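One predicted model, sequence on top.
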Amino acid sequence: MVKYLKQAPSKSFADTSQADVAERVGQIIAEIRSDGDAAVRKYAELFDKQTLDSFRLSDHQIEEIMGTLDQQVIEDIVFVQDQVRTFAQAQRDSMQDVEIETLPGVFLGHRHVPVQAAGAYIPGGKYPLTASAHMTIITAKVAGVPRVVACTPPIRGEIPAATIAAMKLAGADEIYLLGGVQAVAAMALGTETINRVDMIAGPGNAYVAEAKRQLFGEIGIDLFAGPTEVLIVADADADPFIVAVDLLSQAEHGPDSPAILVTTSEKVAREALEHIERILPDMPTKDFAEPAWRNWGQVIVVDDLDEAYSVADQFAAEHVQIFTADPALALTRMHNYGALFLGENTCVSYGDKVIGTNHVLPTLGAARYTGGLWVGKYLKTVTYQTIENAESSAELGRVLGRAARVELFEGHARSGDVRAWRHSGEQFEWIDRALAGTTSAGATL
């Protein structure tokens, strides 16, 4: 039995693609498609008050920007990037090329080939999201992408120095001080000064998400993204105070970020609600966290953990924390989530900022069919085949001839026939006619 102590409306991807947003994004993309740099400059000045001679930062400019940071900031960026790189490399190492011999002399295989150019969008509207540089750029570089273009906007007219440092240290080949739809469209379409990329990854606001959606097909993207989500599954042993803190830690992402508690203990649920009411008024980010919790927060009490996992799977949330006596059980009981955080010693914020797993994850129910960003997103798994045995080629040719004619594909069938004819002396009337220079009606070819 499911009991709601606090309920909110459900969200879907359609909620993030309002008609006015889609129309405005479409106009900007069309203008950049036709006018290139001039349109990019127009919208950068309109939205970000930018009047730079060049959006691309030179190596000298980057060095100057990084020089304004405390050494501790640089050291922390390097530490976190080491964690991200280590895990991404382990993922890449797990992806092996394959080759097998299916018949004598018939070899089939696949290789993992990186895209040749990737765009990394690092947002900066509410906060300088330094960690997004780690997640998008390092992952691409570990995958073997030779050219990574990175864009981030100025924040209230200021250059986000820590983000620029993170982009450089992560290995970005080109860094542009450019944000919003204009950045996404410039990377996707190319301009006079920005060469186009093959795919774009990274989070952003509704306009950035809509731009990626409209451009998908011309380029690849990591995934469709909406507001950040957190869901906590808790039993009677969970600490209500930690539950409250972790729910609000994600609510501060924005006023539309869902924070959900599913618990087997009404006592834990009510105490967590009380803690939230005490914590919220003093949060420096309450302008975002408070409306997110008021409008999108949910607290659900269920009979047992089986029901808790079932309810959690229905949400298919981006981040799922497990505060139970046996957190590892969730690994086999849950199926729909972007990332799991097992036990009270870890939290979503670790995943967001420092632990090393990728924080670009599916939202709005997309975890039902996809995982998040990882090295595999930057790799194309492509196949090859070769036949070194003539008899195997002949045998496959005979099978192809029969199979293709069932589907009325005569041309396909003849590709098989000609190999059966060459390698095993098989006779075909159409080949005899073709080599004799006559058509089926007897006319000279």
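Received the coordinates, thanks. Numbers count the residues shown, from 1 in each chain.

Could you pull out the strands in the protein for me?
3-6, 98-103, 106-114, 117-121, 147-152, 174-177, 199-201, 220-221, 230-234, 259-263, 298-301, 319-323, 339-342, 379-387 (DSSP state E).

I'd like to know which of those strands is closest to residue 395.
For residue 395, the closest of these is strand 98-103, at 7.4 Å, according to Cβ to Cβ. Where you see a C-beta, it was placed from the backbone N, CA and C, and this is true even at glycine.

what angle separates that closest one from strand 106-114?
Counting by axes from the mean of the first three to the mean of the last three Cα atoms, to 10 degrees, strand 98-103 points 160 degrees away from the direction of strand 106-114.

Skip the chain neighbours and tell me the closest residue to the residue most central in space within the chain.
Compute the mean C-alpha point of the chain, and by Cα atoms, centre = their mean the closest residue is residue 222, 3.1 Å away. Computed as Cβ to Cβ, 6 or more residues apart in numbering, the closest residue to residue 222 that is not its neighbour in sequence is residue 201, at 3.8 Å.

list the contacts for the one you found?
The neighbourhood of residue 201, defined by Cβ atoms under 8 Å, 6 or more residues apart in numbering, consists of 118-121, 136, 139-140, 221-222, 360, 373, 377-378.

mind redoing it with 7 Å?
118, 120, 136, 222, 360, 373, 377 (Cβ atoms under 7 Å, 6 or more residues apart in numbering).

Output those as CSV; include the columns distance to residue 36 and pLDDT.
Listed next are the contacts of residue 201 as CSV, based on distance: Cβ to Cβ, whole Å; pLDDT from 0 to 100:
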residue, distance to residue 36, pLDDT
118, 21, 98
120, 21, 98
136, 24, 97
222, 25, 96
360, 28, 95
373, 29, 97
377, 28, 97
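
In a markdown table, list the residues you listed along with distance to residue 410.
As requested, the contacts of residue 201 are arranged in a markdown table below (distance: Cβ to Cβ, whole Å):
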| residue | distance to residue 410 |
| --- | --- |
| 118 | 43 |
| 120 | 49 |
| 136 | 49 |
| 222 | 43 |
| 360 | 48 |
| 373 | 45 |
| 377 | 40 |
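
Nearest to residue 84 among these?
Of the contacts of residue 201, the one sitting nearest to residue 84 (Cβ to Cβ) turns out to be residue 136, at 10.1 Å.

Just list the residues touching the closest one, thanks.
120, 122, 201-202, 360.

Just put those residues in TSV and tack on distance to residue 427.
Shown next, in TSV, are the contacts of residue 136 (distance: Cβ to Cβ, whole Å):
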residue	distance to residue 427
120	60
122	66
201	56
202	61
360	60
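
Between those, identify the one with the most neighbours.
Within these, most neighbours by other Cβ atoms under 10 Å means residue 122, with 31 neighbours.

picking up where we left off before, I'd like to know the predicted local confidence at the residue nearest to residue 222, please.
pLDDT recorded at residue 201 is 97.

so what's it bridging to?
Beta-bridge partners recorded for residue 201 (DSSP bridges): residue 120.

That one and residue 111, how far apart?
Look at residue 201 and residue 111: by Cβ to Cβ, to the nearest Å, they are 22 Å apart.

before we move on, the earlier item: between the contacts of residue 136, which sits nearest residue 404?
residue 201 (40.6 Å).

Double-check residue 6 against residue 299; I have them as touching.
Yes. Contact status for residue 6 versus residue 299: in contact at 4.2 Å, counting by Cβ atoms under 7 Å.

Name the residue in these two with the higher neighbour count.
residue 299 (25 against 15).

ok, back up a step: distance to residue 34 for the strands of the chain - can I get that in TSV?
Output for the strands of the chain, formatted as TSV (distance: least, Cβ to Cβ, whole Å):
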stretch	distance to residue 34
strand 3-6	49
strand 98-103	44
strand 106-114	31
strand 117-121	20
strand 147-152	20
strand 174-177	20
strand 199-201	20
strand 220-221	22
strand 230-234	42
strand 259-263	43
strand 298-301	45
strand 319-323	40
strand 339-342	40
strand 379-387	30
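
Quick check: residue 344 touching residue 241?
No. Using Cβ under 7 Å, residue 344 is not in contact with residue 241; the gap is 10.4 Å.

Now for those two: what residues contact both?
Residues touching both residue 344 and residue 241 (Cβ under 7 Å, 6+ apart): there are none.

neighbour count winner among these two?
residue 344 (18 against 15).

How about the backbone phi and psi for that one?
phi -80, psi -10 (degrees, to the nearest 10).

which of the strands of the chain has the lowest average pLDDT?
strand 3-6 (a mean of 92).

Please name every helix or strand in contact with it.
helix 266-279, strand 298-301 (3 or more Cβ pairs under 7 Å, 6 or more residues apart in numbering; DSSP states H and E).

Sounds good, over and out.
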